[in-house]
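In: Below: sequence and its predicted model.
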Number of protein chains: 2
Amino acid sequence: MGKTDIMVNGLPGNVAKIMATSALKNERFNVIPFSLTGQEIEDDTINIGGISFELIKPDTRVDKIKEIQSQFASFIAIDYTHPTAVNSNAVFYTQNKIPFVMGTTGGDREKLEQVVKNASTPAVIAPNMAKQIVGFQAMMEYAANTFPDLFKGYTLEVVESHQQGKADTSGTAKAMVRYFNKLGPDFSVDDIQMVRDPKTQEKELKIPKQFLTGHGWHTYTLKAEDGSALFEFKHNINGRDIYVNGTFDAVMFLVQKLEEADNQKKLYTMIDVLNKV
Amino acid sequence: MGKTDIMVNGLPGNVAKIMATSALKNERFNVIPFSLTGQEIEDDTINIGGISFELIKPDTRVDKIKEIQSQFASFIAIDYTHPTAVNSNAVFYTQNKIPFVMGTTGGDREKLEQVVKNASTPAVIAPNMAKQIVGFQAMMEYAANTFPDLFKGYTLEVVESHQQGKADTSGTAKAMVRYFNKLGPDFSVDDIQMVRDPKTQEKELKIPKQFLTGHGWHTYTLKAEDGSALFEFKHNINGRDIYVNGTFDAVMFLVQKLEEADNQKKLYTMIDVLNKV
């Protein structure tokens, strides 16, 4: 089996940089030296791992993509761009028949799904690329739907810690709260305790120093009011490796889907990647 | 609605005593003053909450139950007896058309289920009466079946703490290990770390002093080999309240099933009680 050509979009952004760096070292992939970027980006190129990537802005990309496609017959795009670019990028990919993995969050998600459903090329859309977290969420969703009020009379406490730069509450924690609410406890997303202070993270939570600038730690604690029972769930992610691996799995999943030529389904999620539908 | 007559079997055993004591205080129940016990028990009666319970041994129970049934037209039995009594008790209940909740573990479980399936009265069989733990196990079973190998490449650590008197490994932990194995980690039940030393329990695990003589704490930790991710699940039970509540829920479930006169199904588990099938 030959290498899969991939295009990492969103350079010089942080996550796109991590993806490109990892993909360059990954034997399964050939990273093509172009990356879609925002109009506001001033540089024309960026050097990653000794390779110069040409940054392609929206005003030139329609012509540029034809040139690229004449060089690389087929490739899969990985999108870690910006919430404001999610929908226009999806339209661009489908119009140019580029299968893609959308790792960027935000935008109009309904429109995004609709565009993919009507497309002739497949895509994986996943606001969270960490397979194990996606599986864990599916588990909690199952419990919430199968055993509503299982934890009726329990209190819930949610603590999440992320690097200082993250201003908003963890999206994963907010999604989880929806399931916990179905399971009984009365809990608002405003009650989620956000930890952003590196000192607290290092001293109290014992987060390794090298991951203070990039981590996502979550603890959900259910307590029976009379103190007779405690249930706790934790998922602590250090660095970005887990997201890189999940993204690459999604790419390989698309490779497999493209080989199944008569496949009518175009819209996939990480649950499909997990299930290898 | 009138009170439900119940018979708590297994006195003067510890768990049966807790059940009888709680049931006497519970407005939903009328506890009839008889209890099946083992042949080796020397006492003829035991006093609980000011009420004298007659202890009925196997050699007299066939006659005795007729006398009791002439006094109490219908009642539900709660069985917290002994592994060696599980199968003969189940036969006895079904022959005498006594619906029952089997909380006793051990015995030949297949035979037990077969006896109930062929019976004309319903029973709930549950090696673990803690509804939340049963729900949690169902959740893990779902994950194991739906996402096999989700945690491939992860290591597993299982620590369980119980009162010093408990000699064997936690049955719940052993059952959970089966699910975790399906999820990827290679782990043997022999690797389960058992904590039985009260000092360690109090000092290191911070188990409240009053529960050193009765608790079941379990922690399952999954770690990615490269340290990039940790998932942890805990269920810490103090005392017996959670089992009492689950047992009483099972009794009320049987009351409901008995009202559905044309119900063909006789064998139920705590999952049914949770789902209120």
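Out: That came in fine, so what should we check first? Numbering: from 1, shown residues only, chains lettered A, B, ... in the order given.

In: going forward, measure contacts between C-alpha atoms and count neighbours the same way
Out: OK.

In: Provide a list of residues in contact with residue A:47.
Out: Taking Cα atoms under 8 Å, 6 or more residues apart in numbering or on different chains, we find residue A:47 in contact with residue A:53.

In: hang on, it in a helix?
Out: No - applying DSSP: H, G, I helix; E, B strand; the rest coil, one finds residue A:47 to be strand, outside a helix.

In: tell me the pLDDT at it?
Out: Looking at residue A:47, its pLDDT reads 97.

In: what's the answer for residue A:200, then?
Out: For residue A:200, the model assigns a pLDDT of 98.

In: give me phi/psi at it?
Out: phi -60, psi -40 (degrees, to the nearest 10).

In: Spell out which parts of chain A neighbour chain B.
Out: Residues of chain A found near chain B (Cα under 8 Å from any Cα of the partner chain) are A:131-132, A:135-136, A:138-140, A:142-143, A:146-147, A:150-151, A:227-242, A:274-275.

In: 7 Å instead, please
Out: Taking Cα under 7 Å from any Cα of the partner chain as the criterion, chain A approaches chain B at residues A:132, A:139, A:143, A:147, A:150-151, A:228-239, A:241-242, A:274-275.

In: what about residue A:146, how many residues close to it?
Out: 18 (other Cα atoms under 10 Å in any protein chain shown).

In: Now it: closest residue in space, sequence neighbours ignored.
Out: Nearest residue to residue A:146, sequence neighbours excluded (Cα to Cα, 6 or more residues apart in numbering or on different chains): residue B:275, at 7.2 Å.

In: okay, now the one you found: neighbour count?
Out: That count, for residue B:275 with other Cα under 10 Å as the rule, works out to 13.

In: what do you get for residue A:18?
Out: If we define neighbours as other Cα under 10 Å, then residue A:18 has 18 of them.

In: now it, what's its secondary structure?
Out: Three-state assignment for residue A:18 (three-state DSSP): helix.

In: For it, give its distance to residue A:117.
Out: For residue A:18, the distance to residue A:117 equals 29 Å [Cα to Cα, to the nearest Å].

In: ok, now residue A:187?
Out: Distance from residue A:187 to residue A:117, by Cα to Cα: 35 Å.

In: and if you look at residue A:102?
Out: In this view, residue A:102 and residue A:117 are 14 Å apart by Cα to Cα.

In: Now residue A:5: which helix or strand?
Out: According to DSSP states H and E, residue A:5 maps onto strand A:4-9.

In: and what of residue A:139?
Out: Secondary structure from DSSP H and E places residue A:139 in helix A:131-146.

In: buried sites along that helix?
Out: A:131-144, A:146 (16 or more other Cα atoms under 10 Å in any protein chain shown).

In: same thing with stretch A:93-113?
Out: So stretch A:93-113, judged by 16+ other Cα under 10 Å, has buried residues A:93-94, A:97-105, A:112-113.

In: Which ones among those map onto helices?
Out: A:93-94, A:112-113 (DSSP state H).

In: got a markdown table for those, with distance to residue A:206 and pLDDT too?
Out: Converted to a markdown table, these look like this (distance: Cα to Cα, whole Å; pLDDT from 0 to 100):
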| residue | distance to residue A:206 | pLDDT |
| --- | --- | --- |
| A:93 | 43 | 98 |
| A:94 | 45 | 97 |
| A:112 | 39 | 97 |
| A:113 | 40 | 96 |
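
In: Between those residues, which sits nearest chain B?
Out: Nearest to chain B, judged by Cα to the nearest Cα, of those is residue A:113 at 24.1 Å.

In: got the contact list for that closest one?
Out: residue A:267 (Cα atoms under 7 Å, 6 or more residues apart in numbering or on different chains).

In: For it, give its distance to residue A:73.
Out: In this structure, residue A:113 and residue A:73 are 26 Å apart, going by Cα to Cα.

In: Then residue A:236?
Out: Distance, residue A:236 to residue A:73, using Cα to Cα: 40 Å.

In: give me the element residue A:110 is part of.
Out: Per DSSP H and E: residue A:110 is located in helix A:109-117.

In: any idea which helix or strand comes after that helix?
Out: Downstream of helix A:109-117, the next assigned helix or strand under DSSP H and E is strand A:123-125.

In: What ranges does chain A have for its strands?
Out: A:4-9, A:29-31, A:34-36, A:45-48, A:51-56, A:76-79, A:100-102, A:123-125, A:154-162, A:193-195, A:215-224, A:229-238, A:267-268 (DSSP state E).

In: Buried residues, the fourth one. List them.
Out: Of the residues in strand A:45-48, those buried by neighbour count under the rule 16+ other Cα under 10 Å are A:45-46, A:48.

In: which one of the residues you listed is nearest residue A:161?
Out: Residue A:161 has its nearest neighbour among the buried residues of strand A:45-48 in residue A:48, at 29.9 Å by Cα to Cα.

In: what pLDDT, on average, does the biggest helix by length in chain A get?
Out: Looking across chain A with DSSP H, the single longest helix is helix A:241-259. Mean pLDDT, helix A:241-259: 94.

In: Can you pull out the residues in contact with stretch A:144-151?
Out: Stretch A:144-151 has contacts (Cα under 7 Å, 6+ apart) with A:179-180, A:182-185, B:132, B:274-275.

In: same thing but at 10 Å, please
Out: With contacts defined as Cα atoms under 10 Å, 6 or more residues apart in numbering or on different chains, stretch A:144-151 is touched by A:138, A:140-143, A:178-185, A:222-224, A:231, B:131-136, B:138-139, B:271, B:274-276.

In: Then stretch A:55-66?
Out: A:9-12, A:33-46, A:67-68, A:71-72, A:85, A:88-89, A:92-93, A:96.

In: again, only using 8 Å
Out: Residues outside stretch A:55-66 that contact it (Cα under 8 Å, 6+ apart) are A:11, A:34-39, A:41, A:43-46.

In: cool, stretch A:223-237 as well?
Out: The contact list for stretch A:223-237, computed with Cα under 8 Å, 6+ apart, reads A:133, A:153-156, A:215-222, B:228-242.

In: Start and end of stretch A:36-53, how far apart?
Out: 10 Å.

In: buried stuff in it?
Out: Neighbour-count burial for stretch A:36-53 [16+ other Cα under 10 Å]: A:36-38, A:45-46, A:48, A:53.

In: Same question for stretch A:244-258.
Out: Neighbour counts using 16+ other Cα under 10 Å place A:244-255, A:257 of stretch A:244-258 among the buried residues.

In: State the number of residues packed around the closest residue to residue A:24 other than its chain neighbours.
Out: Nearest residue to residue A:24 in three dimensions, chain neighbours excluded: residue A:31, at 6.2 Å (Cα to Cα, 6+ apart). Neighbourhood size, residue A:31 [other Cα under 10 Å]: 24.

In: Check what pLDDT the residue of chain A most remote from its centre gets.
Out: Ranking residues of chain A by C-alpha distance from their mean position (Cα atoms, centre = their mean) puts residue A:226 at the top, at 39.3 Å. We have a pLDDT of 89 for residue A:226.

In: Specify the residue ranges that define each domain of chain A.
Out: A:4-125+A:241-275, A:131-238 (automatic domain parsing).

In: which one of those lies closest to residue B:163?
Out: It is, among these and with distance given as Cα to Cα, domain A:131-238, at 15.1 Å.

In: Low-confidence stretches in chain A?
Out: A:1, A:277 (pLDDT under 70).

In: burial count for the closest residue to residue A:141 other than its chain neighbours?
Out: The shortest distance from residue A:141 to any non-neighbouring residue, by Cα to Cα, 6+ apart, is to residue A:179 (5.8 Å). Residues lying near residue A:179 (other Cα under 10 Å) number 21.

In: residues in contact with residue A:179?
Out: Taking Cα under 8 Å, 6+ apart, one finds A:140-141, A:144 in contact with residue A:179.

In: And residue A:120, by the same measure?
Out: Residue A:120 makes contact with A:94, A:97, A:266, according to Cα under 8 Å, 6+ apart.
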